[in-house]
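J.: The sequence and its predicted three-dimensional model are supplied below.
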Amino acid sequence: MGSTKNNYLKNDSNFFMLLNASILFICLFAIVSSIPSSRSRTNPALTNDQTLGISVEKALAEDYIYPKYIGTDDISFSAGSVLAIDLKSGAILYEKNSREPVLPASTSKIITALVAMDHFDQNDQLFVPPLIVEGQKIGLIEGEMLFAEDLLYALLVSSANDAAEVIAANYPGGRDLFVAAMNMKAQQLGLKNSLFLNPTGLDQEYQATTAHDLVKVSFYAMQNPLFEKIVATKTYNIVNSEGEVRYKLHNINQLLGNIEGVKGIKTGKTDGAMENLLTCIERDGNQIIIAVLGSNDRFGETKNLINWIYKSFIWQG
């Protein structure tokens, strides 16, 4: 994965990740749970097991025959962590180090978006505070007001760090409680090996996730019609009250619209994380979610994996 990544992920990263997560949850649980929830759109009936089809253990049972592996050439990756799951069955189609901790980069914006959609209405207007933002941004201007929905488009289409920071700043209690809410959301969804320390995904020591966790949260997120619509959007214009275009957004995901069945999900790229990509693809009524993390070529390797999967498996019934 390279020396840069190793500066962030120590050999004992699992221990420190879980220790810090436990401390964060214990200290902030009471505060976060006191935030008004009357506007929450979280489905309380959703269980952790429902966020990734059937269990992986069942999918790996000896009598499991669907989808059917028909064999093909081997495939290799520069990516340090890879996972492809058939959502109807929960079957693992391809796996490489899927439970090893990695830096999330902007894939963490999936959680950012879910927390935002839990709390804000689409037509809520959010204030842009003074910001010092690193990395990807669209250039939001201090003092302007934007609809929460427009900020979600900026967050998920253009992967704008300034949009993430504005959303977090407008959350009750501010940025720190927003980050706490991100971790509470991750805990609720059963992301057992993830710790989020900022709303953008910028590299930060002890921040970590896994391919398994990201596939799980991607499946959950795609059940939300607004999220599903946004991540499938190639271009979007944010307009002001006079109808004038204020920001033109372009989706970073190069596979969207260029590979059959790709419905989008989320890109990510930092020096520490290298290149990350979460992809949802649907063909003939069957959906697959793919995580390619720590790659030198996220789009090329994801494309190769998609092609390999459809050469290697047939769907029965």
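T.: Arrived safely, thanks for sending.
J.: Tell me which residue of the protein is furthest from the middle?
T.: residue 242 (33.5 Å; C-alpha atoms, centre = their mean).
J.: That one should be in a helix, yeah?
T.: No - counting by DSSP: H, G, I helix; E, B strand; the rest coil, residue 242 falls outside a helix, being coil.
J.: show me the contacts for it.
T.: If a contact means C-beta atoms under 8 Å, 6 or more residues apart in numbering, then residue 242 has no contacts. All C-beta atoms are positioned from the backbone trio N, CA, C, and that covers glycine.
J.: Kindly provide the distance from it to residue 144.
T.: Per C-beta to C-beta, to the nearest Å, residue 242 is found 13 Å from residue 144.
J.: now residue 276
T.: Plainly put, residue 276 is 30 Å away from residue 144 if you go by C-beta to C-beta.
J.: which of those two has more neighbours?
T.: Neighbour comparison, residue 276 and residue 144: the larger count goes to residue 276, with 29 against 13 (by other C-beta atoms under 10 Å).
J.: which stretches of this structure have low pLDDT?
T.: 1-65, 317 (pLDDT under 70).
J.: In it, mark out all the helices, start to finish.
T.: 3-8, 13-33, 56-59, 109-119, 148-156, 161-169, 175-188, 211-221, 225-231, 298-312 (DSSP state H).
J.: out of those helices, nearest to residue 87?
T.: helix 211-221 (6.1 Å; C-beta to C-beta).
J.: Would you mind pulling the contact partners of the closest one?
T.: 46, 51-53, 81-83, 85, 87, 97-100, 102, 104, 107, 110-111, 113-114, 186, 189-194, 227-228, 265-266, 278, 280, 289-291, 293.
J.: Narrow the residues you listed to those that are buried.
T.: 51-53, 81-83, 85, 87, 97-98, 100, 102, 104, 107, 110-111, 113-114, 186, 189-191, 193-194, 227, 265-266, 278, 280, 289-291, 293 (16 or more other C-beta atoms under 10 Å).
J.: Can you give me the neighbour number for the residue nearest to residue 150 when sequence neighbours are not counted?
T.: Distances taken as C-beta to C-beta, 6 or more residues apart in numbering place residue 238 nearest to residue 150, at 4.6 Å, with adjacent residues excluded. When neighbours are counted by other C-beta under 10 Å, residue 238 registers 20.
J.: is it true that residue 238 touches residue 152?
T.: No - using C-beta atoms under 8 Å, residue 238 is not in contact with residue 152, being 10.8 Å away.
J.: which residues sit in contact with residue 166?
T.: 126, 127, 128, 129, 131, 140, 146, 151.
J.: got it, and residue 128?
T.: Residue 128 touches 140, 141, 142, 143, 144, 145, 146, 162, 166, counting by C-beta under 8 Å, 6+ apart.
J.: same thing but at 10 Å, please
T.: Listed by C-beta atoms under 10 Å, 6 or more residues apart in numbering, the contact partners of residue 128 are 140-146, 151, 162-163, 165-166, 169-170.
J.: circling back to that earlier point, next step: the contacts of helix 211-221 restricted to strands.
T.: Judged by DSSP state E, the contacts of helix 211-221 include 81, 82, 83, 85, 265, 266, 278, 280, 289, 290, 291, 293 as members of strands.
J.: Mind picking the two most distant members of those?
T.: Across the ones in strands among the contacts of helix 211-221 (C-beta to C-beta), the longest gap, 17.7 Å, separates 81 and 280.
J.: okay, now the residue lying closest to residue 272 once chain neighbours are set aside: neighbour count?
T.: Spatial nearest neighbour of residue 272, chain neighbours left out: residue 203 (3.9 Å); criterion: C-beta to C-beta, 6+ apart. Using other C-beta under 10 Å, the number of residues around residue 203 comes to 21.
J.: Check the gap between residue 203 and residue 278 for me.
T.: Residue 203 is 18 Å from residue 278, where distance means C-beta to C-beta.
J.: go on, residue 182?
T.: Residue 182 is 16 Å from residue 278, by C-beta to C-beta.
J.: now residue 81
T.: Look at residue 81 and residue 278: by C-beta to C-beta, they are 12 Å apart.
J.: any shared contact partners between these two?
T.: The contact lists of residue 81 and residue 278 share 211, 214, 291, 292, 293, where a contact means C-beta under 10 Å, 6+ apart.
J.: How about the contacts made by the closest residue in space to residue 75 that isn't next to it in sequence?
T.: Leaving aside its sequence neighbours, residue 75 sits nearest to residue 308 (C-beta to C-beta, 6+ apart; 4.7 Å). Counting by C-beta under 10 Å, 6+ apart, residue 308 makes contact with 72, 73, 74, 75, 84, 93, 94.
J.: and the fifth one, what are its bridge partners?
T.: Beta-bridge pairing for residue 84 (DSSP bridges): residue 94, residue 290.
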